[in-house]
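Chemist: based on what follows, work out the 3D shape:
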Amino acid sequence: MAPPTAPKPTFIESTETVLTVEFAPLEDDSVAAYDLCWKEYPRSWDDAEQSTTLKKSKFSGKKKVKVDAENLTPGTTYTVRLVAKDADGNRGDPSAELVLDTDAVSCGPKKSRCTIL
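Modeler: This next block holds a predicted model:
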């Protein structure tokens with residue numbers, strides 16, 4: 001049995017090379033890890049997916065977890081989603097997607113948000 005569908009991440013902030021999102025981990029013992037996945041928009045997931053993995057120790061017992069997509073290109077649009085995985089590496093259905101922009105070079109102060117949702 002595959003893990004459940006991952007929760008949709010929420011946009012927190014962007015910089016020139018990082019997108020930060022937050023999510024509420026599922027209360028489901030079958031979830032051993034989450035993959036934050038991203039790709040340049042509108043490329044396909046099959047040929048452009050990149051990801052970072054959060055193991056259970058990083059989200060267990062927490063109501064909200066922040067995670068970064070890093071080493072991105074400034075001024076670029078990305079699609080971001082979350083995928084739950086079980087202990088065997090089986091992936092559940094992905095969350096709903098977010099479409100976000102990294103900041104353009106010298107976009108402004110850190111709290112400035114040059115993004116589209």
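Chemist: strands of the chain, start to end?
Modeler: Secondary structure of the chain (DSSP state E): strands at 10-14, 19-23, 33-40, 50-55, 65-69, 77-85, 98-101.
Chemist: next, the angle strand 19-23 makes with the first one.
Modeler: Between the axes of strand 10-14 and strand 19-23, defined by axes from the mean of the first three to the mean of the last three CA atoms, to 10 degrees, the angle is 150 degrees.
Chemist: using a markdown table, lay out the strands of the chain together with mean pLDDT.
Modeler: Converted to a markdown table, the strands of the chain look like this (pLDDT from 0 to 100):
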| stretch | mean pLDDT |
| --- | --- |
| strand 10-14 | 97 |
| strand 19-23 | 98 |
| strand 33-40 | 98 |
| strand 50-55 | 97 |
| strand 65-69 | 97 |
| strand 77-85 | 98 |
| strand 98-101 | 97 |
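Chemist: so which of the ones you listed comes closest to Pro3?
Modeler: strand 77-85 (4.2 Å; CB to CB). Placement of C-beta: from N, CA and C, glycine included.
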